[in-house]
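**Student:** next input, structure requested:
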Amino acid sequence: MAGLRFTDLQSRPMEFLDFTSLTLDEFQQLVPPFETAFHARMAAWQMDGKPRTARRFTVYKNCPLPTPEDRLLFILAYLKTYALQVVHGRLFGMVQGKANQWIHVLLPALLAALRALGDAPARSLSALAQRLGVSEADAATVVVPLKEESAPGSPIPAAAPASPLLPMTAPNAASSAPKTLLHRPSVRAARKRTTLSKMSCS
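**Tutor:** Sure thing, here's the model as predicted:
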């Protein structure tokens, strides 16, 4: 199954920007630290998340993401578009299960590369203040609260801060969705009583 490759987009800079939110120059600056972080992760872990104990990681001939640029394009496009994994996998020529594996391998590598460059998103007001070299009070003026809505007639901020490359998500919590009990010996799929149809001909 053929898929999207870096070579398909590198000659179309505006389309490349749409896919990744980066220019080609910015992308090329990110490739070396990203690839270093990727190989550091693959030296310790297998694709399925198990510790690596035997063979070292090598890129096979039939790898769906054979080059560093393809791997970086894959994860940046995923973060930019947040397509369903089955759709993202299809775009890059792989099944959903493989797309899931690659996402879980490449996200930590990207975050490690951004941290190495000093470009990882700040996770607290104090970290943001330190990065900007200002006081926390000054840093608070550039942060727009997420849950507060502006009152009617209040001025709208001139420029909201740009969104970070990586999403800011809350810690995982227990799901409130009802659980399906799978340990039951049988499941009934039919009604207990027969309901006569109002449209019957008898």
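**Student:** what helix or strand does the residue nearest to A120 when sequence neighbours are not counted sit in?
**Tutor:** Nearest in space to A120, with sequence neighbours left out and distances taken as C-beta to C-beta, 6 or more residues apart in numbering, is L114 at 4.1 Å. Glycine gets a C-beta too; all of them are placed from N, C-alpha and C. Assessed by DSSP states H and E, L114 sits inside helix 96-117.
**Student:** keeping just the C-alphas, turn the next helix or strand after that helix into CSV.
**Tutor:** Note on helix 96-117: by DSSP H and E, the next helix or strand toward the C-terminus is helix 125-132. Coordinates of each C-alpha in helix 125-132 appear next as CSV, following Å, rounded to 0.1, in the frame of the first residue of the first chain:
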residue,chain,number,x,y,z
LEU,A,125,3.1,29.6,34.4
SER,A,126,6.5,29.6,36.2
ALA,A,127,8.1,27.6,33.4
LEU,A,128,6.6,30.0,30.9
ALA,A,129,7.9,33.0,32.9
GLN,A,130,11.4,31.4,33.1
ARG,A,131,11.4,30.8,29.3
LEU,A,132,10.3,34.3,28.5
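**Student:** give the buried residues for helix 125-132.
**Tutor:** L128, A129 (16 or more other C-beta atoms under 10 Å).
**Student:** same thing with stretch 84-104?
**Tutor:** Across stretch 84-104, burial judged by 16+ other C-beta under 10 Å covers Q85, H88, G89, R90, L91, F92, M94, K98, A99, Q101, W102, I103.
**Student:** would you mind measuring the gap between the ends of that stretch?
**Tutor:** End-to-end span of stretch 84-104 (C-alpha to C-alpha, to the nearest Å): 14 Å.
**Student:** phi, psi for the closest residue to Q101 other than its chain neighbours please.
**Tutor:** Nearest residue to Q101, sequence neighbours excluded (C-beta to C-beta, 6+ apart): M47, at 5.1 Å. With angles defined as degrees, to the nearest 10, M47 sits at phi -60, psi -30.
**Student:** wait, M47 sits on L106?
**Tutor:** No: using C-beta atoms under 8 Å, M47 is not in contact with L106; the gap is 10.7 Å.
**Student:** show me which of the two is the more surrounded one.
**Tutor:** Higher neighbour count among M47 and L106: L106, with 22 against 13, using other C-beta atoms under 10 Å.
**Student:** quick one: the more buried one from L79, how far?
**Tutor:** L106 sits 10 Å away from L79, going by C-beta to C-beta, to the nearest Å.
**Student:** next: L91.
**Tutor:** Distance of L91 to L79, given as C-beta to C-beta: 14 Å.
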